[in-house]
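Chemist: Give me coordinates for this.
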Amino acid sequence: MYSMMLMDANDGVMTAGNREGVSQSLQDQLKPLAVEGGGSNVWYTQGSKNSLLAVRQIKSYTGSTFTLDHLGTLVIRIRVERIVTDSTNMASGEGQLIVVDTASNRSIYPAEPLLTPHELAVEVSRPEPYRTGSYVQGTYFIAKTESSYSLTPVMLIFFIFQKQIVDGISTSGLKG
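Modeler: From the prediction side, this is the model:
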């Protein structure tokens, strides 16, 4: 998580974490998006900022009563590339992490994935958790995992350009 922002029903805004500003026009887009989600998490890609936003409407709960009055909107900013960079060297290569909404087989992140929508749908439906696959851009080692968070059906698919793997083996002295 990179930052959190809470926009209350009275137009107050509170932030935590990295306080990268959110423009008023983006706030105006996110509030109705959260309402459309009806309390469920909704994903919003922030294109050029390489951020993935989790947006959710906050509703009231008093004692044992769900009044469900609108209290505000919670926005959690996730810097997916930083997560990948911290755990792999993929960011410097030609690989890509794709976050897919498995209900629609649509890319949530990035806005422009390596695969076409049809290729992505086929990849999501494959039963193998990992494999190699050839696409127009080259051959990739592909590993995927589904989110265990049932309210947000997403799949993470890692595409590592096969040349990176071979080069990594060569430079580590494991080449035969």
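Chemist: Which helix or strand in the chain has the lowest average pLDDT?
Modeler: helix 162-171 (a mean of 47; mean pLDDT, DSSP states H and E).
Chemist: what helices or strands is the longest helix along the chain leaning on?
Modeler: Counting by DSSP state H, the longest helix found in the chain is helix 24-37. For helix 24-37, the elements it packs on are strand 3-8, strand 42-45, strand 52-59, strand 70-78, judged by 3 or more C-beta pairs under 8 Å, 6 or more residues apart in numbering; DSSP states H and E. The way it works is simple: take the backbone N, C-alpha and C, and place the C-beta from them, glycine included.
Chemist: and the ones you listed, which one is worst for confidence?
Modeler: Mean pLDDT per stretch puts strand 42-45 lowest among the helices and strands packed on helix 24-37, at a mean of 81.
Chemist: from memory Ala111 sits against Thr45, does it?
Modeler: Yes. Using C-beta atoms under 8 Å, Ala111 is in contact with Thr45, at 4.9 Å.
Chemist: Looking at the two, which is more packed in?
Modeler: Thr45 (17 against 11; other C-beta atoms under 10 Å).
Chemist: Report the beta-bridge partners for that one.
Modeler: Leu52 (DSSP bridges).
Chemist: Can you name the residues that contact it?
Modeler: Ser51, Leu52, Leu53, Ile108, Tyr109, Pro110, Ala111 (C-beta atoms under 8 Å, 6 or more residues apart in numbering).
Chemist: Distance of it relative to Asn18?
Modeler: 18 Å (C-beta to C-beta, to the nearest Å).
Chemist: same question, Ser25
Modeler: 20 Å.
Chemist: okay, the two: which has more neighbours?
Modeler: Higher neighbour count among Ser25 and Asn18: Asn18, with 11 against 8, using other C-beta under 10 Å.
Chemist: Tell me if I'm right that that one and Tyr2 touch.
Modeler: Yes. Counting by C-beta under 8 Å, Asn18 does reach Tyr2; the two are 5.4 Å apart.
Chemist: before we move on, back to that, residues touching the longest helix of the chain, excluding its own?
Modeler: With contact meaning C-beta under 8 Å, 6+ apart, helix 24-37 is reached by 7, 13, 22, 42, 44, 53, 55-57, 70, 73-75.
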